[in-house]
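1. Got a predicted structure here, sequence first:
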There are 2 protein chains.
Amino acid sequence: MRIVVLAGGIGGARFLRGLKQAVGPDSDITVVGNTGDDIHLFGLKVCPDLDTVMYTLGGGIHEEQGWGRADESFSIKAEMKEYGVGPEWFGLGDKDFATHIVRTQMLGAGYPLSAVTEALCARWQPGVRLIPMSDDRVETHVLIEEDGEKRAIHFQEYWVKLHATVDAKAIIPVGAETAKPAPGVLEAIAEADVIVFPPSNPVVSVGTILSVPGIRAAVAKAAAPVVGLSPIIGGSPVRGMADKVLEAVGVETSAAAVARHYGSRAASRSDSGKGGGGRREGLLDGWLVDSSDAGAVAEVEAAGIACRAVPLWMTDQDATAEMARAALALAEEVRGA
Amino acid sequence: MRIVVLAGGIGGARFLRGLKQAVGPDSDITVVGNTGDDIHLFGLKVCPDLDTVMYTLGGGIHEEQGWGRADESFSIKAEMKEYGVGPEWFGLGDKDFATHIVRTQMLGAGYPLSAVTEALCARWQPGVRLIPMSDDRVETHVLIEEDGEKRAIHFQEYWVKLHATVDAKAIIPVGAETAKPAPGVLEAIAEADVIVFPPSNPVVSVGTILSVPGIRAAVAKAAAPVVGLSPIIGGSPVRGMADKVLEAVGVETSAAAVARHYGSRAASRSDSGKGGGGRREGLLDGWLVDSSDAGAVAEVEAAGIACRAVPLWMTDQDATAEMARAALALAEEVRGA
């Protein structure tokens, strides 16, 4: 079974580990990774989401932290401070630096990010095919307002430096409009047996991937069922500060609202039959909400999306594998519906 | 007193530490550093000689090793091996990597190497003005012969990887012919009160600096006396493998032969009076040989270079300071001669 997952960082990576366990070693999983969080630091290209997936599935992740390398040291960070070179708010360890140095060297030699990612994965053997959403530079910026002045800042500055304590007025995937999907992305989506939206951030992770022209349309018209898992439980993000960026795009922080934000494929098909082509295409056939959000099932189904309530806390790998099984089961239910 | 020193790596750096001690805190020392050893590794610009001077005078050097940082870790090197990215033969520590990352970032932002070096020195406070010989890329290559095939390799590959175990057929400072002296180099030489050649490698350190068009001529016509210290004691290099590269340029490994290789300023002046302008200009007014080479004094003086035999082993900083005092005393002796 060919599974395609559109993944952000920590949530996506942990879900993928459960998915791998659920489907076993013969699985064929393609991960389309978000690169909108990418940032140039110290002249190096840093790809936080790709690396989180790669380290998590390759056994190198700092488990408690969820990002960065296990058994990490911070010599370079200390040196940078001595040199007075910032930013100090982004914590790169020495081992992690090595990844960025190799990546930057390969990019400088002319390899596209997708080829570089493949080369890095040759070491990590994540057990999935990891493809960046695009080889082109896309950087998510966040529009904030300070003292009445609007200012767009890099997503990492918003997320890591400001901890999303300031309201986001808009989320802008800079460069997305001219970006092309990386080689293999559209093919993988077209040939998939199942497409999964893991409980990643629907705006700055999955949303950014979908903002690359061609990817949203490919998902919308894919033959495979598309199922998602809610990153919102009981009105709060499972982790991170997704509520802040949902607010920026006018979406309530609830499992049902996120499903409606992704939209129903069935409803879109029926709309387009009625000539309602103006709306953007719906993407979901199925949606999982947490057991505690069972009350949202009816609302999601009313929107034209099959919905089930199951435990969605990724407390450990077994629990996560169970979530993945539930997603695949829902996909089978809705297949060809 | 304004002192200009043309310095390579370890030998030059240790001599400079002694010189600083000898002349005290009010000294005005300009170091013209060799950049022919520079190499691009992992996409980063590495300047071994500049860094050795900077770390040694700034208190960050690995004392026993003579290069690299004290209390160093090697996470990145281990990671590079995991990624299969070489070369493995060049040992860069994590702290050292930070220097190269900062340098590469600044170069990428458009700053010339001289400005970058100044910025790095703002942290290290070496107590001298350290200027690269040139802001232009010059790379010393070594012509070797393997299985009857001649091949030019980077100096670091010859020195660090091959440990100079292969004969050097020629030393080629690639790029030197079109390089310009960095801002301040010619001015410092012209305004110097004393010019010193420390016991650095006469071919691949001082020789490379002199290969930048304009620098040799500036030294030759400088108002200040020019004195040097022999890097050869008793027919062997004090450290390193200078004999291999001396052979490549047809110079015997002896204190006297190196002096004659640099040449006598007095003899050049007298030659040019006779219209013998075809030969390259001599540079030395004075030359120090080790006490054990006292027998060479007469030969050096016969070549038109004032020569004294004093202890030249840099066994500790006091001994090195004494060498520096001897060099300055010789400069006073020959001043205006």
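-> That came through, no problem. Computed from a prediction, not measured in an experiment: that's the story for all the values here.
2. In its sheet, which strands sit next to the lengthiest strand in chain A, and in what direction?
-> The longest strand of chain A (DSSP state E) is strand A:139-146. Here strand A:139-146 has these sheet partners by DSSP bridges: strand A:149-154 (antiparallel), strand A:170-174 (antiparallel).
3. so which of those is the most packed in?
-> strand A:170-174 (a mean of 18; mean count of other CB atoms under 10 Å in any protein chain shown). From N, CA and C alone the C-beta is placed, and that goes for glycine too.
4. And the strands in chain A?
-> With strands called from DSSP E, chain A shows them at A:2-7, A:28-33, A:39-41, A:44-46, A:129-132, A:139-146, A:149-154, A:170-174, A:194-197, A:226-229, A:232-233, A:236-237, A:286-290, A:306-310.
5. The first one: which residues count as buried?
-> Judged by neighbour count using 16 or more other CB atoms under 10 Å in any protein chain shown, the buried positions of strand A:2-7 are A:3-7.
6. For those residues, could you give me TSV that also reports distance to chain B and pLDDT?
-> Formatted as TSV, those follow (distance: CB to the nearest CB, whole Å; pLDDT from 0 to 100):
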residue	distance to chain B	pLDDT
A:3	28	98
A:4	27	98
A:5	25	98
A:6	27	98
A:7	23	97
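7. Helices of the stretch 51-200 of chain A, start to end?
-> Per DSSP state H, counting those that start in this stretch, the stretch 51-200 of chain A carries helices over the ranges A:75-83, A:94-108, A:113-124, A:155-156, A:185-191.
8. Could you dump those into CSV and include mean neighbour count and mean pLDDT?
-> CSV is the format used below for the helices of the stretch 51-200 of chain A (neighbours: other CB atoms under 10 Å in any protein chain shown; pLDDT from 0 to 100):
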stretch, mean neighbour count, mean pLDDT
helix A:75-83, 19, 97
helix A:94-108, 23, 98
helix A:113-124, 19, 98
helix A:155-156, 23, 94
helix A:185-191, 19, 98
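9. quick one: which of those is nearest residue A:304?
-> For residue A:304, the closest of the helices of the stretch 51-200 of chain A is helix A:185-191, at 20.8 Å, according to CB to CB.
10. what does the closest one contact?
-> For helix A:185-191, contacts defined as CB atoms under 8 Å, 6 or more residues apart in numbering or on different chains pick out A:2, A:4, A:30, A:32, A:129, A:131, A:133-134, A:195, A:214-215, A:218-219, A:222-223.
11. rerun that using 10 Å as the cut-off
-> A:2-6, A:28-33, A:114, A:129, A:131-135, A:180-181, A:195, A:209, A:212, A:214-215, A:217-224, A:226 (CB atoms under 10 Å, 6 or more residues apart in numbering or on different chains).
12. if we look at the worst-scoring helix or strand of chain A on mean pLDDT, which residues are touching it?
-> Using mean pLDDT, DSSP states H and E, helix A:265-273 stands out as the lowest-scoring helix or strand of chain A, at a mean of 83. Residues from elsewhere that reach helix A:265-273 (CB under 10 Å, 6+ apart): A:219-222, A:225-226, A:260, A:263-264, A:276-286, A:303-306, A:334, A:337.
13. Name the residues of the longest strand of chain A that come out as buried.
-> For strand A:139-146, burial by neighbour count (16+ other CB under 10 Å) applies to A:139-144.
14. now, which of those residues sits nearest chain B?
-> residue A:139 (17.8 Å; CB to the nearest CB).
15. ok, longest helix in chain A?
-> Identified as the longest helix of chain A according to DSSP state H is helix A:317-334.
16. where does residue A:264 sit relative to residue A:299, distance-wise?
-> Distance of residue A:264 to residue A:299, given as CB to CB, to the nearest Å: 12 Å.
17. Revised request: answer the last question for residue A:31.
-> 30 Å.
18. Looking at the two, which one has more neighbours?
-> residue A:31 (28 against 18; other CB atoms under 10 Å in any protein chain shown).
19. How about the residues of the stretch 101-250 of chain A by chain B?
-> Contacts of the stretch 101-250 of chain A with chain B, taken as CB under 10 Å from any CB of the partner chain, map to A:101-109, A:119-120, A:122-124.
20. Save the residues you listed as JSON lines, and put in distance to residue A:155 too.
-> Below are these laid out as JSON lines (distance: CB to CB, whole Å):
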{"residue": "A:101", "distance to residue A:155": "23"}
{"residue": "A:102", "distance to residue A:155": "23"}
{"residue": "A:103", "distance to residue A:155": "19"}
{"residue": "A:104", "distance to residue A:155": "20"}
{"residue": "A:105", "distance to residue A:155": "25"}
{"residue": "A:106", "distance to residue A:155": "24"}
{"residue": "A:107", "distance to residue A:155": "20"}
{"residue": "A:108", "distance to residue A:155": "24"}
{"residue": "A:109", "distance to residue A:155": "27"}
{"residue": "A:119", "distance to residue A:155": "26"}
{"residue": "A:120", "distance to residue A:155": "22"}
{"residue": "A:122", "distance to residue A:155": "28"}
{"residue": "A:123", "distance to residue A:155": "27"}
{"residue": "A:124", "distance to residue A:155": "24"}
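21. Spatially, which two of these are the most separated?
-> Using CB to CB, the pair of those lying farthest apart is A:108 and A:124, separated by 21.3 Å.
22. Just send the strands of chain A back as CSV, with distance to residue A:328 too.
-> Rendered in CSV, the data for the strands of chain A read as follows (distance: least, CB to CB, whole Å):
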stretch, distance to residue A:328
strand A:2-7, 8
strand A:28-33, 11
strand A:39-41, 34
strand A:44-46, 33
strand A:129-132, 18
strand A:139-146, 30
strand A:149-154, 36
strand A:170-174, 30
strand A:194-197, 6
strand A:226-229, 8
strand A:232-233, 20
strand A:236-237, 24
strand A:286-290, 10
strand A:306-310, 12
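23. Lowest average pLDDT across the ones you listed?
-> Of all those, strand A:236-237 carries the lowest average pLDDT, namely a mean of 90.
24. Contacts for it, please.
-> With CB under 10 Å, 6+ apart as the criterion, strand A:236-237 contacts A:11, A:199, A:201-202, A:230-231, A:242-246, A:253-254, A:258.
25. out of the residues you listed, which one sits closest to chain B?
-> Taking CB to the nearest CB as the measure, chain B lies nearest residue A:11 of the contacts of strand A:236-237, at 26.0 Å.
26. starting at the chain centroid, how far to stretch A:186-199?
-> Computed by CA atoms, centre = their mean, to the nearest Å, the chain-centroid distance of stretch A:186-199 equals 13 Å.
27. can you pull the contacts of the nearest residue to residue A:51 once chain neighbours are set aside?
-> Nearest non-adjacent residue to residue A:51, counting by CB to CB, 6 or more residues apart in numbering or on different chains: residue A:99, 6.1 Å away. Residues counted as contacts of residue A:99 (CB under 10 Å, 6+ apart) are A:44-47, A:50-51, A:54-55, A:60, A:69, A:92-93, A:120, A:123-124, B:76, B:79, B:82-83.
28. Against residue B:101, how distant is residue A:99?
-> From residue A:99 to residue B:101 the distance is 13 Å (CB to CB).
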